[in-house]
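[1] coords please:
(chains A and B)
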Amino acid sequence: MTNVLTLNNVSYQYEGAKKNVLKGINAAFERGVVYTIVGKSGAGKSTLLYLISGLDVPTGGEILCGDVSLKEIDRDKYRAENVGVVFQSYNLLTNATAVQNIVLSMHISKSPEKDKTAYAYALLEKVGIDRETADRKILKLSGGEQQRVAIARALAHNPAILIADEPTGNLDKDTESDILNIFKSLAHDENRCVIIVTHSRKVTAIADVVYGIQDGQLSVIKQKKEG
Amino acid sequence: MYIIKNALQNLVRNRGRNLMIGGIIFVIIVSVVTALMINNTANGVINDYKTRFGSEVSFKPNMQKMNEEARKNAKPGSPITVRRPTIDPGDLIKFGQSDYLKEAIFTAQSKGNSEQLKPIDKEKGGGGGPMVSNNGGEAESLGRQFYHKLLGEDYSDFKDGLRELTEGSRFPENNGECIISEDLLENSGLSIGDTITVTSVLESASSEPGNEDYIDISWELTIVGSYADATDEYNGGMMENAFTNRRNEIITTFETLREKMQDGFFGIEVEAKYYLKNPDMLDAFTEEVYAKGLSTVFDVVTDSASYDAVVGPVEGLKGIAVSFVIIVLTFGGIILALLSSIAIRERKYEIGVLRAMGMKKLKVVAGLWTETLAITILCLILGLGVGMIVAQPVTNVMLDQQITAAESASNNNGLPPGAVVTGGQMGSGPSSNAEPLKDLKVSLDMLTILEIIGIALLLSSVSGIISTRKITKYEPIKILMERN
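    Residues are numbered from 1 along each chain as shown, chains lettered A, B, ... in the order given. Take a look at the predicted model:
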């Protein structure tokens, strides 16, 4: 199986900081697999997420999308087309409706869908948002609903990689289960690479591979056996 | 396309903020529309009047220079005699041959008597001779008296519509032809085609009081027409006699009078009016006529008094309009820049989200600029409409204030009550009966519309530039980390 994302000796140091928060990380991510990254607060989980989502660049090493280094491609385009990110605080356009958020994301990523609005409604329905809720402004939606919209938006441009930062942190148990089922389905049924940064045991329970991050190093803690 | 669609949706999504920005742009545009309409209309009026008053040039004797000249030439022990300076008609014609002139009009004037003519108001006596004041203070004529004025080529009253040729009449075309008023023709029992003899005198420039040196001259004139005369008989003047009565004037050609002129003799006065191609050519023309021999006791002047009287208040109005535009644009621009800056800060999160989704900086800027542009276009349409309604009443009020201020300044003359003016220059500051322009019909022309569109685009660009500067500094990761 080919790696969809590869980290080669990736390091990162914040401006003004004396130590690297990430120190020469090597890892490979494949399609059809759910990955979770766990670690203590401040260990560098979110930093790693920002790096692999193309929002920031490593201060050392490189990240490859397929065979191409992120240094060599337009990071705006990478974010728009190759990767979908579900942020911890959703980062949706709060004055716009749920469906408008999805349609705008599709426009930015130059989605080939002709009827983008119909596609957006279908996508929202897939993550459990009915049409009436889809037409409501984000501010009027509950945390769980916003999380679902954020997932739908991340999937709007059909990315190979889906990255989620604490996606169930603000959700009740029922909604948490629904969301985790969606992630599992995206990896196993739709052959996407799902990378989840989390503290939650329930989330790590669904992962095929669990990475731990400690002292700036990433290591495999648990890996489900194939078959 | 989606950038425009999203920008238009944002207008509704952020109603409060956009209404505030729109309100400010609207006020700026209405103010600028009003001020520019006033300014451009005033400009048109000023240029028109400048061409009319500024292009007509004449030579006026300067009293101060005449006095200096007389003092210089006076013999020791003799009284200083100031004589009215004259310009040789040949010189006047020479001055008229200039590349700076559009047209040169020459007129001549003399006085005369004719046995065939029976002047109107003959019983009031004649005039035109030397005058002396008697003990009662009334002026009395001495020596030869004249009953008629001979005008060479003076058709100004025909141009003003105060005189009109009667049927079967024509203007004098050849030397020795004349026209007279219908009243004088009837009073004299003459007909068109009759010939009259007009006699006059030329006085030597070296004549001394009591020892005058005259030459008798005469003209044989054929009456080729008459005219209905609606001019004021005495022009409101104090002296009423046959000579000053305008019905007794005889109009002939300029050359008819000129051919009787002799060097060193007065009695036929020539006047020249020069019309410049462009009022800005006055200095060059002045230099040229002095170089051609015009005496320096003459000033080369335009009708600045009439120009000032008519256009002064409009110029004041224009000045206010220009100042107003500058103030509105400066303060409006600053307020708009501050508001845009605040609005961008407020939308920092939204910008971070769009950038995180992969939208390029340029597209984010384009979106924000489209929003401002849409607000500006809306305000432009409303502002043009409201500005057009408001401009005329505002103009009327401001022009009234300017006229009142000008009249008040004119009444005061800058002097305390009872002050006496001494010295001064004859001819250099002619008083004017011209009425100030009391109505200024402002209108919205294409130039004004283009200027306003330009200003509106400039305003939206101010906002656009600020957005661009801010957004290029923002990195989505930082915005989102701050937020989180």
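
[2] which residues touch B:Lys277?
    B:Ser55, B:Tyr100, B:Leu101, B:Lys102 (Cβ atoms under 8 Å, 6 or more residues apart in numbering or on different chains). For every residue, glycine as well, the C-beta is placed using N, CA and C.

[3] Toward the C-terminus, what is the element adjacent to whichever strand or helix holds A:Thr175?
    In this structure, A:Thr175 sits in helix A:173-188 according to DSSP states H and E. Counting by DSSP H and E, the next helix or strand C-terminal to helix A:173-188 is strand A:193-197.

[4] in that following strand, what counts as buried?
    Buried residues in strand A:193-197, counted by 16 or more other Cβ atoms under 10 Å in any protein chain shown: A:Cys193, A:Val194, A:Ile195, A:Ile196, A:Val197.

[5] Touching, the last one and A:Glu166? I think so.
    So the one you mean is A:Val197. Yes. The pair A:Val197 / A:Glu166 is scored as a contact, 6.4 Å apart, by Cβ atoms under 8 Å.

[6] May I see the buried residues of stretch A:196-210?
    A:Ile196, A:Val197, A:Thr198, A:Ser200, A:Val203, A:Thr204, A:Ile206, A:Ala207, A:Asp208, A:Val209, A:Val210.

[7] Need the worst-confidence member of the residues you listed.
    Taken together, the buried residues of stretch A:196-210 show their lowest pLDDT at A:Ser200, with 86.

[8] surely that residue meets A:Pro167?
    No. In this structure, A:Ser200 is not within contact of A:Pro167 by Cβ under 8 Å, at 9.0 Å.

[9] For the buried residues of strand A:193-197, could you give me CSV that also reports distance to B:Asn47?
    Putting those into CSV (distance: Cβ to Cβ, whole Å) gives the following:
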residue, distance to B:Asn47
A:Cys193, 75
A:Val194, 75
A:Ile195, 74
A:Ile196, 76
A:Val197, 74
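
[10] Kindly report the residues of chain A close to chain B.
    Contact residues (Cβ under 8 Å from any Cβ of the partner chain) of chain A with chain B: A:50, A:55-56, A:76-81, A:85, A:87-89, A:91-93, A:95-96, A:100, A:104-105, A:107-109, A:153.

[11] same thing but at 7 Å, please
    A:50, A:55-56, A:76-77, A:79-80, A:85, A:87-89, A:91, A:93, A:95-96, A:100, A:104-105, A:107-109 (Cβ under 7 Å from any Cβ of the partner chain).

[12] ChimeraX command for the buried members of those residues?
    Selection of buried members from the residues of chain A next to chain B for ChimeraX, criterion 16+ other Cβ under 10 Å:
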select /A:50,55,56,76,79,80,85,87,88,91,93,95,96,100,104,105,107,108,109
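
[13] For the helix or strand of chain A with the lowest mean pLDDT, what is the distance to the chain centroid?
    Ranked by mean pLDDT, DSSP states H and E, the weakest helix or strand in chain A is helix A:173-188, scoring a mean of 86. Put simply, helix A:173-188 sits 13 Å off its chain's centre (Cα atoms, centre = their mean, to the nearest Å).

[14] Tell me what angle that helix forms with strand A:193-197.
    Here helix A:173-188 runs at an angle of 140 degrees relative to strand A:193-197 (axes from the mean of the first three to the mean of the last three Cα atoms, to 10 degrees).

[15] Buried residues, helix A:173-188. List them.
    Buried residues in helix A:173-188 (16+ other Cβ under 10 Å): A:Thr175, A:Glu176, A:Asp178, A:Ile179, A:Leu180, A:Ile182, A:Phe183, A:Leu186, A:Ala187.

[16] In CSV: these, plus distance to B:Ser114.
    Output for the buried residues of helix A:173-188, formatted as CSV (distance: Cβ to Cβ, whole Å):
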residue, distance to B:Ser114
A:Thr175, 121
A:Glu176, 125
A:Asp178, 123
A:Ile179, 121
A:Leu180, 126
A:Ile182, 121
A:Phe183, 123
A:Leu186, 121
A:Ala187, 125
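
[17] Can you name the two of those that sit furthest apart?
    A:Thr175 and A:Ala187 (19.2 Å; Cβ to Cβ).

[18] all strands for the chain, in order.
    If you meant another chain, say so; for now it's chain A. With DSSP state E as the criterion, chain A has strands at A:3-12, A:22-30, A:34-38, A:60-65, A:68-69, A:83-86, A:161-165, A:193-197, A:209-214, A:217-223.

[19] that's the wrong chain, I wanted chain B
    Using DSSP E, strands in chain B cover B:56-61, B:101-112, B:131-133, B:139-141, B:148-152, B:163-165, B:177-181, B:195-204, B:214-229, B:250-252, B:265-266, B:269-276, B:298-302.
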